[in-house]
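[1] here are the coordinates; sequence isn't available:
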């Protein structure tokens, strides 16, 4: 798994993507989708194949950490990790590395807390987090023309 995390980190740093998932030295998934959308799509596409995989992501907050726990990944690398994201990874026994730790994840404007972080702030269950976040992403998709 250590080797998979190194592969995932290298790809994340060298390509214009925001998420990469590696398992048994094979790239399972890459995404340049912003926010947690790429992670939700990976979960929908890969399902159980994510178990014990290694994930490299640009930004991991509480929402992403709970999704990673839901997927039972083996290891995570984050360029930016929030304190709540780190707490959720620890609570779910997921090994992790990061470049930079931040108190909170902000939305695109940089002025408000990320809406997905707000949504998961009081959720402990990775299953509940997945259900709520998936529903939120679907409602955003439906509302866009």
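    Received it, and whenever you're ready, just let me know what you need. Keep in mind that this is a model prediction, so the values were computed, not measured. Numbers count the residues shown, from 1 in each chain.

[2] Touching the worst-scoring helix or strand of the chain on mean pLDDT from outside, list them.
    Least confident helix or strand of the chain, by mean pLDDT, DSSP states H and E, is helix 126-143 with a mean of 92. Residues from elsewhere that reach helix 126-143 (Cβ atoms under 8 Å, 6 or more residues apart in numbering): 36-37, 40, 43, 63, 66-67, 69-70, 92, 115-116, 119-120, 123. Every residue, glycine included, has its C-beta placed from N, CA and C.

[3] got it, and stretch 2-21?
    For stretch 2-21, contacts defined as Cβ under 8 Å, 6+ apart pick out 22-25, 27-34, 38-39, 42, 46, 50, 53-59, 73-77, 79, 97.

[4] do that again at 7 Å, thanks
    22-23, 25, 27-34, 38-39, 42, 46, 50, 53-58, 75, 77 (Cβ atoms under 7 Å, 6 or more residues apart in numbering).

[5] still on that earlier bit, list buried residues within the contacts of helix 126-143.
    Neighbour-count burial (16 or more other Cβ atoms under 10 Å) is assigned, among those, to 36-37, 40, 43, 63, 66-67, 69-70, 92, 116, 119-120, 123.
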